[in-house]
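Chemist: Using only what follows, build the 3D model:
(4 chains)
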There are 4 protein chains.
Amino acid sequence: MAGNTFGDMFKITTFGESHGEAVGVIVDGVTPGVEIDEQYIQIQMDRRKPGQSSVTSPRKEYDIIRILSGIYEGKTTGTPLFIILQNTDMRPEAYTDIQHAFRPGHADFTYLKKYGIRDHRGSGRASGRETAGRVAAGAVARKLLENRGISIIAYSQEIGGIRCNTFDESIIEKNDVRACDPQAAEAMIEKIQYLSSIGDSCGGIVECRIRGLSPGIGEPVFDKLDAELAKAMLSIGAVKGIEFGAGFAAADMLGSEHNDQMDATGFLSNHSGGIVGGISTGEEIIFRVAVKPTSSISLPQQTVRTNGEEQTIVTKGRHDPCICPRIIPVVEAMACLVIEDQYKRQAALHDKSSF
Amino acid sequence: MAGNTFGDMFKITTFGESHGEAVGVIVDGVTPGVEIDEQYIQIQMDRRKPGQSSVTSPRKEYDIIRILSGIYEGKTTGTPLFIILQNTDMRPEAYTDIQHAFRPGHADFTYLKKYGIRDHRGSGRASGRETAGRVAAGAVARKLLENRGISIIAYSQEIGGIRCNTFDESIIEKNDVRACDPQAAEAMIEKIQYLSSIGDSCGGIVECRIRGLSPGIGEPVFDKLDAELAKAMLSIGAVKGIEFGAGFAAADMLGSEHNDQMDATGFLSNHSGGIVGGISTGEEIIFRVAVKPTSSISLPQQTVRTNGEEQTIVTKGRHDPCICPRIIPVVEAMACLVIEDQYKRQAALHDKSSF
Amino acid sequence: MAGNTFGDMFKITTFGESHGEAVGVIVDGVTPGVEIDEQYIQIQMDRRKPGQSSVTSPRKEYDIIRILSGIYEGKTTGTPLFIILQNTDMRPEAYTDIQHAFRPGHADFTYLKKYGIRDHRGSGRASGRETAGRVAAGAVARKLLENRGISIIAYSQEIGGIRCNTFDESIIEKNDVRACDPQAAEAMIEKIQYLSSIGDSCGGIVECRIRGLSPGIGEPVFDKLDAELAKAMLSIGAVKGIEFGAGFAAADMLGSEHNDQMDATGFLSNHSGGIVGGISTGEEIIFRVAVKPTSSISLPQQTVRTNGEEQTIVTKGRHDPCICPRIIPVVEAMACLVIEDQYKRQAALHDKSSF
Amino acid sequence: MAGNTFGDMFKITTFGESHGEAVGVIVDGVTPGVEIDEQYIQIQMDRRKPGQSSVTSPRKEYDIIRILSGIYEGKTTGTPLFIILQNTDMRPEAYTDIQHAFRPGHADFTYLKKYGIRDHRGSGRASGRETAGRVAAGAVARKLLENRGISIIAYSQEIGGIRCNTFDESIIEKNDVRACDPQAAEAMIEKIQYLSSIGDSCGGIVECRIRGLSPGIGEPVFDKLDAELAKAMLSIGAVKGIEFGAGFAAADMLGSEHNDQMDATGFLSNHSGGIVGGISTGEEIIFRVAVKPTSSISLPQQTVRTNGEEQTIVTKGRHDPCICPRIIPVVEAMACLVIEDQYKRQAALHDKSSF
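Modeler: Next up is the predicted model:
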């Protein structure tokens, strides 16, 4: 199948280009009878939208969602939820002069190779704009997970080489970079503002924690919980890697160090990151994703045109010097989709009801 | 769906437990009319099988494959290929004394929580034994990819904290740890033998390179080439992380450093690891996976029994002190499955034929 | 998965309720670079829309489609096509008095049992209105099939007990019931108008022919071409049966009569309806679907309320006394979706390209 | 995907050719902790196997199943069940003289067109032999459905033009044609024996009833319960049509006749066949399938060779003059697979558990 659908029992299909008329999502498999408040979804959209702070793209997208189906009198009906966002404040003219050139780090070259045709304006389907539909759908999953007692948070653990040394959850949503260390947050913001001033960009590391998950969630073999989460995270454009628990550090550990031993009170450590054999242990699930520096920079770069001619390019348009702050709600949304889907799959496996 | 099927147009479904009668795989979507030599598949099986060297489990599995369907007069017929391997040299008795205890690092606890019942012998379905079917199916995909001019190799880049400093491809299959640096290989082997002697284990990092891939391969959005590869790799029991190209190092790079610029001869660097926007650039695809230390160690560890009582456990059975050498053919096999599948999806997308 | 997605490599997902704000469809897997004229799609929408003739519902839905993504400069880009239709001329008040009663023949009872909640207005998701998205998506598939030299037509073979005795293709779109026999057409129209005048309704049989299909199209075993077509047709609300070629008459035939023999010029008969072993023979594909009489009638009927109380009900609203004329474009659309999907699957199976 | 997998949450994948070494099935998504008695499955295999009576093929297949995985100490573990049947009493030599000729009514021609290569022996994958795996998997689903209080029976309603006039369930398994009318059964047997003696064959109609189903089972829109059953039945080689409830007769009924009215005791009729809007009403589900006459007859027929030359052919081998008696367990098995799958999907949709 083509790649615009995600999930099995809780399933989303997205559409829309960065500079088209609208973007949106169909959410199928939503538990019926659940109260969904549009405001509840909007809160997540606002965390993702551009122009929310000094360190994000000034592009103004009010990102007001509209639900056109699947809700009746404030409750889900079990039929597909359709959520649409109009695109506004588009400036395709900003892209006309690069219509025939490949922007370094962007999917211009690969999309043209894949399709033989491309909508050059603002990366079309490869734009971060596509993730708006994911965040809206993720909010629906988040609501279902809240009813299960599950919470999911992500935050910047490192930006531009600056690492968080403390974990203060209370400040994450109170600083523009969504870091978990107030001092690091300040340094990160300065770093981003400086890079922005010289037309460059930086990457970072986002960490995600899933709490309240029951033990026993996740499919074995190919659809392991970590495998599904890895696919979900790598499906986010700027993500270049993922690690669970000790992750790459596990490569340097001994079995006697890495194994999570148990006593009557439970696990004595969580090097596994809460997943063993692809199935949840009941401990907190912890993973980190590597976020590459924003590809759009205003420094001159070397590239070629579709006709093969070399040229120097300067990417205009309004971009985030670091995508971490805005990728966080997307990471959370994708995690919500995976977890809700795995719960529904677990329910199907065990069902013996005669209703 | 339950998690024992992988792939879309080139699809495999595996079955079998570590200490059951047999393991195997059904491969569906195989291009018809392709000559498949059983020996060709057996070569890959032999690279994965235990007992092949001083650093692997002494368990003797001759792993002789038998193809029971899908081949006629030496050629694939386009119908499902069924490949089976009998299990031999099973010693379930080695597990009887841990029937009611959870081995640290193993899926004993999580499987019991998920299913409410488990086959405790040799990890059942969570055993590395399950990957035999993947390697057999991967060999079929590898054959199809060879016809497309694509090659896939993986090797140990780091084991037990010892890193390769050179990349000598010619020696990879000539040393027991499948490392790409002859000096590092020797040190790795010594390290593994030492850890084995004290009953401990270690992990490592396996790197994989895919060559000859056309630009334009990979689905956008959710089924990105890197997303599918990430899922494939994290579906391997011991893998705890994956990174593409610069990977986690990208987090510390500037956009001006990370972006792969182009001139008329092509890309000037490959920090992306050969994938941008989820689609291949035509450059070599490079990714690394973090392999945790083998969970089965003979040092005493603290755990609990299914009834909650605490106990000290010593894992018996015959295990690999480091799984990297034998995980390499599995990494390659999963990569082959993903790439062949993505090629077939690309063919479907573009098809306009009237035959 | 939930049931709102259809197809594998050419895949559609629909949303929307009869009396919601809009209905629509996401079409994924569309061949890139194909010129799609909105008018081309609109022609099919106009064949399905209500109010088009004396024998259809007077409900006015102008059914003007809008494509919000997947097209750039008049050509498909290979990314999801999103097509939306606003609902207009809704009269939910017509349903308020039946909010708590189950209309005989309608899905009111079953939807409430399935979901525990329902949007009672105009059948919600179970309304024929839902098929608008299918017809729009089917038109896209039809365009791709035209490029393959394939044409698909359906027509009323029987309505209200009146059968067509001739097959004059030229008149099908020229009479209000889309019958293939001009005399039968007149009698059918009279019959429908009479039933309408007394508040009753009737059913019929729609026949479909697919021409220009290559031999060898269709998957074996579970996804046989006839199996996929059967699923597609039975997914249309009013369809209660399907038969291919000789169909139910084959039950009374001898093998020596039913077998389609061959000579050097090809098949000597087509009792199979163009499909053997689930794969196309290259002959015309012929199948018939049984269409039940419209459930909404204005004669008093016995039913119960959601609280179990008995009541007599008279279904108001504006309905088709016979659904056959308007179901025809839906039958064609679903057939187009199946055939295009099977072609793409065939292309994937055989692909050996290195691009 | 290729067509050898069926189902969503309860999923089977089959392999094997008629004259290969074995046929079998992987069943994934089996509820864990369920006692499965191999004998229980064998009973269904014995109902399907050849040589069981005077009216079936004398080919001797003892069809002894072996379960190689997914069961531990007599209970399902939730991991894939693998069931294999060795092929025995193969006589490929019976086919050598038709290696290059297309047997009328068989898939020889279409398979060669699809794949460009074929295993000519006994129809390969298109053989009824393939259904052995379905029946084994269906027995597992039947066990799960029994625990839900659901029973499924099928029987011959018509064979060779002879119809059953009574419905005596108690005699179905007591006569060789599995008819529901003892007098009709005798006439059917005589008819079959006569046709067998002159080398011809006949078809029939098989009816299936599903009892104990809860109301509310089935997905809306594309995966309607009747749509899934239609696909399942048309995936059986010899089936050429299906109808639910009144079926094709509904085409001649008025809305006032066909609508199933209700009173406080429930539905007053069941013209819908127990499914409205694709969802179960709680009434008995009734459908009929049209079975074509066996293609293999020993009367001379006209055909062509792979090189285009005309020839007269006489199909040797050992075949059933009427396939109805042996198709009945296959119809039941496919129905079991669909119903169990739909129950699991319903459970997933509604799940809100925190386990």
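Chemist: Any buried residues in whichever strand or helix holds A:Ile152, and which?
Modeler: For A:Ile152, the host element (DSSP states H and E) is strand A:151-159. If you call a residue buried by 16 or more other C-beta atoms under 10 Å in any protein chain shown, then strand A:151-159 has these buried ones: A:Ile152, A:Ile153, A:Ala154, A:Tyr155, A:Ser156, A:Gln157, A:Glu158, A:Ile159. Quick note: C-beta positions are derived from backbone N, CA and C, even for glycine.
Chemist: per-residue pLDDT, the third one?
Modeler: Model confidence at A:Ala154, expressed as pLDDT, equals 98.
Chemist: Surely it and A:Arg326 touch.
Modeler: No. With contact defined as C-beta atoms under 8 Å, A:Ala154 and A:Arg326 do not form a contacting pair (11.4 Å).
Chemist: just to revisit the earlier point, just put the buried residues of strand A:151-159 in TSV and tack on distance to chain C.
Modeler: Formatted as TSV, the buried residues of strand A:151-159 follow (distance: C-beta to the nearest C-beta, whole Å):
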residue	distance to chain C
A:Ile152	23
A:Ile153	28
A:Ala154	27
A:Tyr155	32
A:Ser156	31
A:Gln157	33
A:Glu158	33
A:Ile159	31
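Chemist: tell me the contacts of A:Tyr111?
Modeler: A:Arg118, A:Gly124, A:Arg125, A:Ala126, B:Pro220, B:Gly277, B:Ile279 (C-beta atoms under 8 Å, 6 or more residues apart in numbering or on different chains).
Chemist: confidence score at it?
Modeler: So A:Tyr111 comes in at 95 (pLDDT).
Chemist: Repeat that for the one 10 residues further on.
Modeler: The confidence metric pLDDT takes the value 76 at A:Arg121.
Chemist: you'd agree it is up against A:Asn87?
Modeler: No. A:Arg121 is beyond contact range of A:Asn87, at 10.5 Å (criterion: C-beta under 8 Å).
Chemist: For these two, indicate the residue with more neighbours.
Modeler: A:Arg121 (22 against 19; other C-beta atoms under 10 Å in any protein chain shown).
Chemist: if you skip the residues just before and after it, what's nearest to that one?
Modeler: A:His19 (3.8 Å; C-beta to C-beta, 6 or more residues apart in numbering or on different chains).
Chemist: How much space separates that neighbour from B:Val221?
Modeler: A:His19 sits 17 Å away from B:Val221, taking C-beta to C-beta, to the nearest Å as the criterion.
Chemist: Could you give the number of residues near the residue nearest to A:Gln301 when sequence neighbours are not counted?
Modeler: Once flanking residues are discounted, A:Gln301 sits nearest to A:Pro104: 4.8 Å by C-beta to C-beta, 6+ apart. By other C-beta under 10 Å, 27 other residues sit near A:Pro104.
Chemist: gap between A:Pro104 and B:Ser269?
Modeler: 10 Å.
Chemist: shared neighbours of these two, which are they?
Modeler: B:Asp260, B:Gln261.
Chemist: which stretches of chain A form helices?
Modeler: Using DSSP state H, the helices of chain A run over A:38-48, A:93-96, A:108-115, A:131-147, A:182-197, A:225-234, A:255-258, A:324-350.
Chemist: Mind telling me which of the ones you listed the model trusts least?
Modeler: Among these, helix A:93-96 scores lowest, with a mean of 68.
Chemist: List the contacts of A:Gly237.
Modeler: A:Gly237 sits in contact with A:Ala107, A:Ala126, A:Gly128, A:Thr131, B:Gly277, B:Gly278, where contact means C-beta under 8 Å, 6+ apart.
Chemist: Make sure the second one is actually in contact with B:Gly277.
Modeler: Yes. Shown here, A:Ala126 and B:Gly277 form a contact pair, counting by C-beta under 8 Å, at 4.2 Å.
Chemist: Spit out the residues that contact those two alike.
Modeler: A:His106, A:Ala107, A:Tyr111, A:Gly237, B:Pro220.
Chemist: Between the residues you listed, which sits nearest chain C?
Modeler: Lowest distance from chain C to these (C-beta to the nearest C-beta) belongs to B:Pro220, with 6.9 Å.
Chemist: was I right about the closest one contacting B:Ile275?
Modeler: No. The criterion here is C-beta under 8 Å, and B:Pro220 misses it with B:Ile275 at 11.7 Å.
Chemist: Quick one: residues contacting A:Leu268.
Modeler: Contacts of A:Leu268 by C-beta under 8 Å, 6+ apart are A:Asp260, A:Gln261, A:Met262, B:Gln302.
Chemist: List only buried entries from these.
Modeler: A:Asp260, A:Gln261, A:Met262.
Chemist: Show me the beta-bridge partners of the residue nearest to the second one when sequence neighbours are not counted.
Modeler: Take A:Gln261 and drop its neighbours on the chain: the residue closest to it by C-beta to C-beta, 6+ apart is B:Gln302, 4.3 Å away. When assigned by DSSP bridges, B:Gln302 has beta-bridge partners B:Thr312.
Chemist: With A:Cys202 instead?
Modeler: Beta-bridge partners, per DSSP bridges, of A:Cys202: B:Leu254.
Chemist: And for whatever residue of the stretch 201-350 of chain A ends up closest to chain D, the neighbour number?
Modeler: Closest residue of the stretch 201-350 of chain A to chain D, C-beta to the nearest C-beta: A:Ala347 (3.4 Å). By other C-beta under 10 Å, the residues close to A:Ala347 number 22.
Chemist: just A:Asp176 next, same as before
Modeler: For A:Asp176, using other C-beta under 10 Å, the count is 18.
Chemist: Return the residues in contact with it.
Modeler: Contacts of A:Asp176 by C-beta under 8 Å, 6+ apart are A:Ser53, A:Ser54, A:Val55, A:Thr56, A:Ala185, A:Ile189, A:Pro325.
Chemist: if you set the cut-off to 7 Å instead, what comes out?
Modeler: Contact analysis of A:Asp176 by C-beta atoms under 7 Å, 6 or more residues apart in numbering or on different chains lists A:Ser53, A:Ser54, A:Val55, A:Ile189, A:Pro325.
Chemist: Could you export these as a markdown table, including distance to A:His319 and neighbour count?
Modeler: Converted to a markdown table, the contacts of A:Asp176 look like this (distance: C-beta to C-beta, whole Å; neighbours: other C-beta atoms under 10 Å in any protein chain shown):
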| residue | distance to A:His319 | neighbour count |
| --- | --- | --- |
| A:Ser53 | 14 | 14 |
| A:Ser54 | 14 | 10 |
| A:Val55 | 11 | 22 |
| A:Ile189 | 17 | 22 |
| A:Pro325 | 13 | 27 |
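Chemist: Flag every residue of the stretch 251-355 of chain A that's near chain D.
Modeler: A:Tyr343, A:Lys344, A:Arg345, A:Ala347, A:Ala348, A:Leu349, A:His350, A:Asp351, A:Lys352, A:Ser353, A:Ser354, A:Phe355 (C-beta under 7 Å from any C-beta of the partner chain).
Chemist: doesn't D:Arg345 make contact with the fourth one?
Modeler: So the one you mean is A:Ala347. No. Checked against C-beta atoms under 7 Å, the pair A:Ala347 and D:Arg345 is beyond contact range at 10.2 Å.
Chemist: Tell me how far the residue lying closest to A:Asp108 once chain neighbours are set aside lies from A:Pro293.
Modeler: Counting by C-beta to C-beta, 6+ apart, the nearest residue to A:Asp108 once its immediate chain neighbours are dropped is A:Phe102, at 4.4 Å. Counting by C-beta to C-beta, the separation of A:Phe102 from A:Pro293 is 18 Å.
Chemist: quick one, which of these two is more surrounded?
Modeler: More crowded of A:Phe102 and A:Pro293, by other C-beta under 10 Å: A:Pro293, with 30 against 23.
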